[in-house]
Structures are given as structure tokens and as C-alpha cells.
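Peer 1: Prediction below, plus the sequence it came from.
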Amino acid sequence: MTKARALHKRYVLFEYEGKHIDENTLKPLLYAEALKFFGELGLSYAALKLVSFDGKSGIIRCERDYNDKVLGFLALLSSLDGSDARFRALRSSGTLKGLGSTVESIQLK
């Protein structure tokens, strides 16, 4: 039996434009859209996780190999729950510290 490899993480800092929404509401809506986009197998490989969200910007963690696909997913996402929404990826990094000073304003868990 081979050992499972460790998750190679990438963090994507994004900006949200749309109807005011909180983190607890955004999380299931975002995962539902990601499931439609990636499918069950693709979503499990992407290891998508909403790390934090403050109403205007947030951070998503994903598998390093799926970073480009997650950036494409965010760019193509145009609505959430029937209302217009836009996600704009600002930066991507292997560490939270690498995202820069804008991360300080977002409350991390």
C-alpha cells in the first residue's frame, strides 16, 4: 500500500462584487457552483475550501495542480442563487503570508 501524498496548497485572494452576503451563506452556494463546474471527482481533486470571507473579499484554498482551473472557475462564475455576482481573483500564492497586506484585513479562522 502506498502512502497518500500531502496536499500541495495554493491560496487565492479574490474580490466579490454582488448582493451583500455573509460567509455562512456564501460557502454552500460556492460549493454548489463548484460541484456543477468540476463534477464530484474534479471537486474532490481540487480540494476547494473557503478559508475566509469578509463580505467584499476572501480567500479560497485549493490543490496546487488545480490552481488554474479554480481561477477559471472564479472568472466564469457570474451568478449565485439567481442574483448577479462577480468574483475577481487578485493574487495567488502558496502561503497566506505571500498574499500580502490585504490578507490582514480579512479575518482568518
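Peer 2: In hand now; what should we look at?

Peer 1: longest helix anywhere in the protein?
Peer 2: For the chain, the helix that runs over the most residues, judged by DSSP state H, is helix 23-46.

Peer 1: Now the helix or strand just after that one - C-alpha only, PDB.
Peer 2: Proceeding N to C from helix 23-46, the next assigned helix or strand is strand 49-53, under DSSP states H and E. The C-alpha trace of strand 49-53 is given here as PDB (Å, rounded to 0.1, in the frame of the first residue of the first chain):
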ATOM      1  CA  LYS A  49     -12.100  25.300   0.700                       C
ATOM      2  CA  LEU A  50     -13.300  28.800   1.500                       C
ATOM      3  CA  VAL A  51     -10.800  29.900   4.100                       C
ATOM      4  CA  SER A  52     -12.300  33.300   4.900                       C
ATOM      5  CA  PHE A  53     -14.700  35.900   3.600                       C
END
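
Peer 1: Can you check what angle separates strand 49-53 from helix 23-46?
Peer 2: Here strand 49-53 runs at 150 degrees with respect to helix 23-46, directions being taken by axes from the mean of the first three to the mean of the last three Cα atoms, to 10 degrees.

Peer 1: If you count neighbours, what's buried in strand 49-53?
Peer 2: By neighbour count with 16 or more other Cβ atoms under 10 Å, strand 49-53 contains the buried residues Leu50, Val51, Ser52, Phe53. Where C-beta positions appear, they are placed from N, C-alpha and C, glycine not excepted.
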